[in-house]
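Chemist: below are the sequence and a predicted model; questions follow.
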Amino acid sequence: MFKSWLSKNPYQLIATAAFVDLFILCVAWEWFISPLRPGGSWLILKAIPLLFAIPGLWKGNVYTMQWASMLVLLYITEGLVRILETGTNFWMAALETAVGTLAFVC
């Protein structure tokens, strides 16, 4: 099992892990860490497009990597806009920006 992981490009693994982390971060942020409304908000749906990219990134599909790199720019932009907030939202936005940038670079 680990041999198949080791045979993959390390940047491919990092990008896939970054997309999984970004999905978990978006769901957790909008559901229970710091939702816009108590009990969560519809912004949790923003994480769904990330799910479509994860299998293609794992397989190393070049076309998926191309459109996923454009998709992740939306999450980086959201993080940069929401980084102006205070408290928990600042740290979540900084983390979203960092993970999104990692996914874009890899």
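Modeler: Arrived safely. Numbering: from 1, shown residues only.
Chemist: C-alpha from now on. contacts and neighbour counts both.
Modeler: OK.
Chemist: secondary structure class for the spatially most central residue of the chain?
Modeler: Geometric centre of the chain, nearest residue: Leu22, 2.4 Å, by CA atoms, centre = their mean. With DSSP: H, G, I helix; E, B strand; the rest coil as the basis, Leu22 sits in helix.
Chemist: in the longest helix along the chain, what counts as buried?
Modeler: Looking across the chain with DSSP state H, the single longest helix is helix 62-82. Using 16 or more other CA atoms under 10 Å as the burial criterion, the residues of helix 62-82 that qualify are Thr64, Met65, Ala68, Ser69, Leu71, Val72, Leu73, Tyr75, Ile76, Gly79, Leu80, Arg82.
Chemist: equivalent analysis for stretch 94-106, please.
Modeler: Within stretch 94-106, the residues that count as buried by 16+ other CA under 10 Å are Ala94, Leu95, Glu96, Thr97, Ala98, Val99, Gly100, Thr101, Leu102, Ala103, Phe104.
Chemist: helices or strands next to the helix or strand in which the second one is found in the packing?
Modeler: Assignment of secondary structure by DSSP states H and E places Leu95 within helix 88-105. Packed against helix 88-105, as judged by 3 or more CA pairs under 8 Å, 6 or more residues apart in numbering; DSSP states H and E, are the following elements: helix 10-28, helix 62-82.
Chemist: JSON lines for those helices, including distance to Ala47 and mean pLDDT?
Modeler: Putting the helices and strands packed on helix 88-105 into JSON lines (distance: least, CA to CA, whole Å; pLDDT from 0 to 100) gives the following:
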{"stretch": "helix 10-28", "distance to Ala47": "5", "mean pLDDT": "94"}
{"stretch": "helix 62-82", "distance to Ala47": "9", "mean pLDDT": "96"}
